[in-house]
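[1] Got a sequence here, can you build the structure:
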Amino acid sequence: MTDRKLEICCYTAESAILAEATGAHRIELCDNYAEGGTTPSFATIQKVVDNLEVPVNVIVRPRGGDFLYSELEYAIIKEDVRQIKTLGANGVVVGFLTTEGEIDSKRTSEIVELAGSMEVTFHRAFDMCKDPCKALDQLIELGVIRILTSGRMNSALEGADLIGKLVQRAQNNIIIMPGGGVNEKNISELIHSTNALEYHSSAKTFVQGKMNYQNQTVSMSGSTNPEEFRHISVDQEQIREMLKILQEV
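    Prediction:
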């Protein structure tokens, strides 16, 4: 029996429930798929934590864009972490960089302390840093539990070489979790090329809404190609297949 784990990134409470029912080992709970994930509402967090038995880690990111936050944004992040802790989440997922692309050690350290017994995962802000090996050593020193990374490439498969080197360098002092385009078609190759024990996937699918009347001339986002009548969810068959591969390879 393998110790490998599959974390599913979920953008709704319903998709988190589906992911757990399919066998996901952990949920990363987010909002706002279009911007790469932002902090979900407290009501969403509470419903997911109350209805799931698997660990729920919550992304804390007040906006899309880069990972250099203003003092106001950082104050919001700290208050979100406090509230998420009271809601009973397993952990938080954060990332802070300086203007020069270094890990912001001060803010990361403060969040680790504030999180207390909650896990702290450093998200793919890591992929935007200048020196990944230096960043890895810093995050170990700061007490971060895991790093979510695509190996500084658009996908984990493209960045597999660096991810494998990070796994080796980490020496079990921190979890290196490949993420970014991970699916049932490439997870076997990622296992062989990285030796990682945890994998992160959105297993995304889009569910068509049930509106009979659809005004196709209006886009809430101002897009020229509006997608107002479908929403993101998880593909349970894809999750099952990835779990099967994780156990067998």
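
[2] can you count the residues close to residue 46?
    Look at residue 46: counted by other Cβ atoms under 10 Å, it has 17 neighbours. Any C-beta I mention is one placed from the backbone N, CA and C, and that applies to glycine too.

[3] Could you pull up the residues touching it?
    residue 87 (Cβ atoms under 8 Å, 6 or more residues apart in numbering).

[4] repeat for residue 90
    Neighbours of residue 90 in contact, by Cβ under 8 Å, 6+ apart: 26, 55, 56, 57, 118, 119.

[5] number of nearby residues for the third one?
    Going back to what we said before, that points to residue 56. If we define neighbours as other Cβ under 10 Å, then residue 56 has 24 of them.

[6] any idea how far it is from residue 104?
    Separation of residue 56 from residue 104 (Cβ to Cβ, to the nearest Å) stands at 25 Å.

[7] what's the answer for the last one, then?
    Distance of residue 119 to residue 104, computed by Cβ to Cβ: 19 Å.

[8] do the same with the fourth one
    Remark: distance between residue 57 and residue 104 (Cβ to Cβ) = 20 Å.

[9] what about those two, which has more around it?
    A count of neighbours by other Cβ under 10 Å puts residue 57 above the other of residue 57 and residue 104, at 26 against 20.

[10] Doesn't that one belong to a strand?
    Yes. Applying DSSP: H, G, I helix; E, B strand; the rest coil, one finds residue 57 inside a strand.

[11] quick one, strands of the chain?
    Secondary structure of the chain by DSSP state E: the strands cover 5-10, 26-29, 56-59, 91-94, 119-122, 146-149, 175-178, 198-201, 204-208, 230-234.
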